[in-house]
Structures are given as C-alpha cells and as structure tokens.
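Provide a 3D model corresponding to the input given below.
(2 chains)
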Amino acid sequence: MEQLARLMEEEKEDLYRYACYRLGDEAEAEDVLQEVFLALCDKAHLLAEVENMRNYLFRTLTNQCGMLLRNRQKRMEMECDNVEQLQVHDLVPQDFEQEFRMIDRLLGKIPVEQSEVIRLHIHGGRTFADIASILSEPLPTVKARYRYGIEKLRDGLRMNKLM
Amino acid sequence: MKTERDNERVDEQIVNLLTPKHAPRYNVSFSVPETPKRVSWWRYVRTVGVAAVVMIGVFFGTKILMPGEARAAQIIDRAMAELEEIGSCRIELTYKPTETGGPSTKVINTILRTERGYFSRQEIMEDSGQQTVYLYTPDSTKMWSDGMLNFATSRRNQQIDLVYWITLDVMGKFNENKKNLNIVSETDSEITIRNEKRIHEYNYSSDGVFSKVDGLLKSYSCRIKADDGFTVFIQSDRIDYNIPLTVDEITKAP
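Now for the predicted structure:
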C-alpha cells in the first residue's frame, strides 16, 4: 500500500494531466485518480504479481476514463454535432478549458486507437514501449498509430487552411 | 508541392498544439494512513459509533413489538408534515465510553436538502485534537483529515451515509410501524420512544425524545455494549432544524 501511494505520488502529475485532457473536467479527473488509487488499494494483495506497476496504473486509469466517457457518450455526441470548425484563434488557447476543447476537437477527428496513443504519449508522458505494454499492442503498431494520427491531423489542418 | 521538410515542420507544430500549456496542477496527496502504535479510543469506537449513528435511522424504521399507541402515531403524523418543510438540520453528538466520563469525541452532523438531493457533512473532533470531516453530496464523497484532503470519490459511501435518518422515506417506514412503539416516558410536551436492537456483536438501546408540538426529534441518546464488554454512550448535545445554510457552506473544505 505504501509503495502504491509512493508511486501514485511520483506519477500523479502525468496521470492527472492525461485524465484532465481525456475528460475535460478537473474535478472529474481528481475523482478518477482517487478512484483508481482506492480500487488498487482494495486489491493491494494482488499487485505483487504486476510486472510494471507504472504501466498498470495507466492501464487502470485509461479503462476508468473510457468507462466514464462511454457513460456520457450520448451527451458528447450531441455536443459534437454542434461543434463549429476550428478557427485560427482557437489554436491559441488562453486557459485549460479552451485548450481542452481545441485538443479534443483535433483528436476527435482521428480514430480513437490513434488518439489514445497520442494522448498517452503527449499527455501521459509515456514512451511508445510503455504504451505498447499499457494497451497490450505490439510496439510497431503503437508507433504506426501515432504516425498515422499525426498525418491525419496534418492533412485536416491543411485542408482547413489552419497550417 | 509539400516537401518532407514541410511535413516535419507542420508535425512539430501539431505536437506543440497538442502539448498542454494550461494543464491544471494536482495538489492532493496520496497517503496511506500510518498504523498508530496505540489505537485511540475513537479509532476503536468508530466502527461502533458509525453504526450507532446509523442506528438513529434504525430507530425510526424498526418494528417494535409493543401495543399500539394512538398519541405517538399522531405525533409521527405531525412529524411527517413538519419534515416536508425542513430544508436543513444539524445534530451535535458526544461519544464517550460511559455516561459519566472517559475520553470524549464530538461529532457534528449537518444535512441540507436541495433539489439536487441531500448533502451531508460529518465533522469529528477527537479528544486527541485530530479533526476529520466527511462530506457526502449527491455525486461524491470526500474526506479531510486535519485539513488535508486524502479521500475523494464520485461514488457515495453508503456504509456511513447519515442522510437518510431524517428523510421522509425513513419517517414513512416509521409511520407504517406506528402501532408498535415502545414509549418509555411522556410529559405534557414530550414523548420518549425507545428502540433496543442487536446488530452483529453489539447491543443498542436508543432513546429518542420527540416534541408533541411539532413531532420532531429533540434529543437522542444511545448506549452500546459489545459482547467483549466495550461500551459507548452517545448523547445529542443539540439538534437544530432549518438552519440557514447554502450548498457552498456545507461543501467548503475545512
């Protein structure tokens, strides 16, 4: 338990940043982190068998965020229907809320499996090897998803004359 | 025609766009409470005490096999009507080993009813000076220990949820059982109803004093005896209804 708490302390900024930009809500991100911590505390006796605890933390967090997002998917879809196209000034956000909306709109244009790799790499600070372990995917697949995701974003931004 | 170099430059810009510059900071610590070398009285009593507060709810809702009592039933009917109008309530309790002494712990329970649901705050002040605050909202549960948030979840913790003891649902159950009330004393203005119950290894005996004027609970006491001889005495010091209170006030961090 103490080891888990220490690890959470060490990783909390990366975990929190990932959750914030995944969920778009600071309070909800705090709740999710606490839930992850408590859920892992509950099964602390099983954690000794986990090979890479840091990656396991992220896997638990991504699952938890995914569950929350699925629960509110309908609402999000309705909101997305009304989302206007990105404008040049949207690319210079002034606060977390604006930044989240910009990033969410950008990543919303590419497949989820690609955006998830990008989120874990850029927001969660994970290496591609870590991400391969977190998502249980081969390393080349993870790298390809990142590359294709960035390429699609590039094409989309150019098409809209934002780059 | 875009060159490879152009693409690399744009990709760098995209990564830069996706890199958070306004990420919120996370200030909550993850700490596992240290096991105290000597378990304090309150820590030992907490399981019992929590159950005892829940017992207030049980007090209202339990069927007691005693002859029917029309006057008590009228009081409960009146309480039902009064509760419709109550938006907030605060009950201050003292926990002690016996009625006459020992280390005491003060507990203040505050409840606010809103359109969103019930908000409940439990402030615990141990004799050692440690202060703990539990907050239950319709969406979440939080706990602060000596001012530091060290527990928060979007799930509600039903185990120590104190909200329901004053709710109409509970009073409704009480209403169904009003023919089976154990009235231990009565004056012109008050009526005392006793509930005795065994939960797990604990024997509880609770007395609730109700006003005959408005039917509301005016004071509460409870004696608990565990099979191993451990005892707890709980006494309400004060109960206030309809206190001026906002959601911001009840949910503020200590």
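
show me where pLDDT drops low in the stretch 101-250 of chain B?
For the stretch 101-250 of chain B, the stretches with pLDDT under 70 are B:150-181, B:199-200, B:215.

what about the helices in it?
For the stretch 101-250 of chain B, helices defined by DSSP state H, counting those that start in this stretch occupy the ranges B:168-176, B:247-251.

Which residue, other than its chain neighbours, is closest to B:N7?
The shortest distance from B:N7 to any residue other than its chain neighbours is 6.6 Å, reached at A:R154 (Cβ to Cβ, 6 or more residues apart in numbering or on different chains). Quick note: C-beta positions are derived from backbone N, CA and C, even for glycine.

Tell me if that neighbour really is in a helix.
Yes. Using DSSP: H, G, I helix; E, B strand; the rest coil, the assignment for A:R154 is a helix.

and it, what does it touch?
Residues in contact with A:R154 (Cβ atoms under 8 Å, 6 or more residues apart in numbering or on different chains) are A:163, B:7, B:10-11, B:14.

Format the residues you listed as a markdown table; extra columns: pLDDT, distance to A:Q64 and neighbour count.
Converted to a markdown table, the contacts of A:R154 look like this (pLDDT from 0 to 100; distance: Cβ to Cβ, whole Å; neighbours: other Cβ atoms under 10 Å in any protein chain shown):
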| residue | pLDDT | distance to A:Q64 | neighbour count |
| --- | --- | --- | --- |
| A:M163 | 77 | 34 | 19 |
| B:N7 | 86 | 36 | 14 |
| B:V10 | 89 | 34 | 19 |
| B:D11 | 91 | 31 | 16 |
| B:I14 | 92 | 27 | 20 |
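
Closest one to B:Q122 out of those residues, please.
The closest of the contacts of A:R154 to B:Q122 turns out to be B:I14 (Cβ to Cβ; 49.4 Å).

Pull the distance from stretch A:98-118 to the chain's centre.
9 Å (Cα atoms, centre = their mean, to the nearest Å).

Tell me the span between the first and last residue of it.
One end of stretch A:98-118 sits 19 Å from the other (Cα to Cα, to the nearest Å).

which outside residues touch it?
With contact meaning Cβ under 8 Å, 6+ apart, stretch A:98-118 is reached by A:20-21, A:24, A:62, A:80, A:83, A:86, A:90-91, A:93, A:119, A:128, A:131, A:135, A:142, A:145-146, A:148-150, A:152-153, A:156, B:14, B:17-18, B:20-22.

buried subset of those?
Buried residues within those, counting neighbours by 16 or more other Cβ atoms under 10 Å in any protein chain shown: A:20-21, A:24, A:62, A:86, A:90, A:93, A:119, A:128, A:131, A:135, A:142, A:145-146, A:149-150, A:152-153, A:156, B:14, B:17-18, B:20.

what's the closest of the contacts of A:R154 to B:W144?
When the contacts of A:R154 are compared against B:W144 (criterion: Cβ to Cβ), the nearest one is B:I14, at 41.8 Å.

surely that closest one meets A:D155?
No. Using Cβ atoms under 8 Å, B:I14 is not in contact with A:D155, being 10.7 Å away.

mind checking the SS state of A:F100?
Here A:F100 is recorded as helix under three-state DSSP.

Which parts of chain B are strands?
Using DSSP state E, the strands of chain B run over B:88-96, B:105-114, B:117-125, B:131-136, B:141-145, B:148-153, B:183-186, B:190-199, B:202-211, B:217-226, B:231-241.

what does chain A give?
Going by DSSP E, chain A shows no strands.

what are the ranges of the helices in it?
Applying DSSP state H to chain A gives helices spanning A:2-23, A:26-42, A:53-71, A:73-81, A:96-107, A:112-118, A:128-135, A:139-159.

so can I have CSV of these showing mean pLDDT?
Converted to CSV, the helices of chain A look like this (pLDDT from 0 to 100):
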stretch, mean pLDDT
helix A:2-23, 89
helix A:26-42, 81
helix A:53-71, 87
helix A:73-81, 49
helix A:96-107, 90
helix A:112-118, 94
helix A:128-135, 93
helix A:139-159, 92
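
Stretch A:26-38 and chain B, are they touching?
Yes. Against chain B, stretch A:26-38 shows contacts by Cβ under 8 Å from any Cβ of the partner chain at A:26, A:28-35, A:37-38.

swap in stretch A:123-142?
Yes. Counting by Cβ under 8 Å from any Cβ, chain B is contacted by stretch A:123-142 at A:H123.

still on that earlier bit, how much space between the residue nearest to B:N7 and A:R119?
Between A:R154 and A:R119 the computed distance is 18 Å (Cβ to Cβ, to the nearest Å).

Equivalent analysis for A:E151, please.
From A:E151 to A:R119 the distance is 17 Å (Cβ to Cβ).

wait, what's in contact with B:T132?
Remark: with contacts taken as Cβ under 8 Å, 6+ apart, B:T132 is in contact with B:123-124, B:126, B:143-146.

Run through the bridge partners of it.
Beta-bridge partners for B:T132, by DSSP bridges, are B:I124, B:S145.

What is the nearest of the contacts of B:T132 to chain A?
Among the contacts of B:T132, B:M143 lies closest to chain A (Cβ to the nearest Cβ), at 10.1 Å.

What's the local residue count around that closest one?
17 (other Cβ atoms under 10 Å in any protein chain shown).

Wait, it touches B:L135, no?
Yes. Shown here, B:M143 and B:L135 form a contact pair, counting by Cβ under 8 Å, at 7.5 Å.

Correct me if wrong: B:A226 contacts B:E201.
Yes. B:A226 lies in contact with B:E201 (Cβ under 8 Å); the separation is 5.7 Å.

quick one: which of these two has more around it?
Counted by other Cβ under 10 Å, B:A226 and B:E201 do not tie: B:A226 has more neighbours, with 15 against 11.

Could you measure from that one over to B:K96?
15 Å.

likewise A:E99?
Distance, A:E99 to B:K96, by Cβ to Cβ: 54 Å.

Which one's more surrounded, these two?
Neighbour count, other Cβ under 10 Å: between A:E99 and B:K96, A:E99 has more, with 23 against 19.

and the gap between the more buried one and B:S88?
Counting by Cβ to Cβ, the gap from A:E99 to B:S88 is 39 Å.

Could you do B:T246 as well?
Noted for B:T246: a distance of 10 Å to B:S88, by Cβ to Cβ.
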